[in-house]
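A.B. asks: predicted model and sequence follow; I will ask about them next.
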Amino acid sequence: MGTLKTEPARTRLDLLAPPVAAAVERWPGEASVDVDDVLVAPIDAELADMAAFCAAYEVGLEESANCVVVAGKRGGETRYAACVVLATTRADVNGVVRRMLDVRKASFAPMADAVELTGMEYGGITPIGLPEEWPILVDSRVVAMPHVIIGSGVRHSKIALPGPALGVLPGAAVVEDLARPA
């Protein structure tokens with residue numbers, strides 16, 4: 001995990017956005033991934049964007065994941081989903097994601113909507129603690145990783161956790177070929 005100084009997230013809730021901290025606090029004891037395997041590390045908020053973060057903290061892009069909020073409309077209703085993909089890939093928004101949301105067209109949600117609806121900072125959105133009604137689509141390559149680095153809901157920290165943990169979050173579905181190489 002490069003030069004990150006990690007600690008169990010449940011002991012550093014101050015480094016997490018409120019909805020993320022709440023999700024960590026209610027992490028099920030019977031979950032296949034123990035809450036103590038969810039780690040958090042403080043970072044310089046100016047280095048939160050993936051390329052700058054990876055360079056500064058010696059973390060490989062291949063062990064970093066992005067969580068993007070996607071929106072599509074069907075019958076006047078806006079449907080949201082979170083897509084979790086490795087930083088070396090890009091979500092297939094208008095192919096796989098569009099079909100899974102059952103909408104005619106899907107696109108990245110506007111920044112203001114994503115921030116307001118998640119209670120997280122732009123550039124730090126994570127699948128942990130998202131609205132319960134949202135599907136979380138996780139590329140199968142992410143869950144195959146022994147560990148990944150992902151946002152924490154804020155720009156001044158990152159979460160490190162086993163890749164399989166993302167596939168068992170409430171509302172998560174592991175999807176083959178959700179992403180394409182960048």
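C.D. replies: Yep, that arrived.

A.B. asks: check contacts around residue 54.
C.D. replies: 2, 60, 61, 64, 87 (CB atoms under 8 Å, 6 or more residues apart in numbering). For glycine as for every other residue, the C-beta is placed from the backbone atoms N, C-alpha and C.

A.B. asks: mind checking which helix or strand the first one is in?
C.D. replies: Pointing back at residue 2 there. Secondary-structure assignment from DSSP states H and E places residue 2 in no helical or strand segment.

A.B. asks: just the pLDDT for it.
C.D. replies: As predicted, residue 2 sits at a pLDDT of 91.

A.B. asks: just the pLDDT at residue 31, thanks.
C.D. replies: Looking at residue 31, its pLDDT reads 84.

A.B. asks: same check on residue 61?
C.D. replies: Reading off the model, residue 61 has pLDDT 93.

A.B. asks: that one: neighbouring residues, count only.
C.D. replies: The burial metric for residue 61, expressed as a neighbour count using other CB atoms under 10 Å, is 17.

A.B. asks: I'd assumed residue 85 was in contact with it.
C.D. replies: No: distance between residue 61 and residue 85: 11.5 Å, which falls outside the contact criterion (CB atoms under 8 Å).

A.B. asks: and the strands in this protein?
C.D. replies: Taking DSSP state E to define them, one finds strands in the chain at 7-8, 39-42, 65-74, 77-86, 89-91, 106-108, 136-139, 148-151, 157-161, 172-175, 179-181.

A.B. asks: and the average pLDDT for the last one is what?
C.D. replies: For strand 179-181, the mean per-residue pLDDT is 94.

A.B. asks: so what touches it?
C.D. replies: Strand 179-181 is contacted by residues 83, 85, 86, 88, 89, 90, 91, 92, 139, 141 when judged by CB under 8 Å, 6+ apart.

A.B. asks: again with the fourth one
C.D. replies: Applying CB under 8 Å, 6+ apart, the contact partners of strand 77-86 are 61-62, 64-73, 91, 93, 97, 100-103, 109, 117, 125, 127, 130-131, 134-139, 141-142, 145, 148, 150, 166, 178-179.

A.B. asks: swap in the third one?
C.D. replies: Outside strand 65-74, the residues that touch it by CB under 8 Å, 6+ apart are 50, 78-87, 91, 93, 97-98, 101-110, 113-114, 117-118, 125-127, 142, 145, 148-151, 163, 166.

A.B. asks: if we go to 6 Å?
C.D. replies: Surrounding strand 65-74, the residues in contact under the criterion CB atoms under 6 Å, 6 or more residues apart in numbering are 78-87, 91, 93, 97, 101, 103, 106, 108-109, 114, 125-127, 142, 148, 150.

A.B. asks: tally of neighbours for residue 51?
C.D. replies: Neighbours of residue 51 (other CB under 10 Å): 11.

A.B. asks: er, residue 55 I mean
C.D. replies: Counted with other CB under 10 Å, residues neighbouring residue 55 total 12.

A.B. asks: having no further points to raise, I will conclude here.
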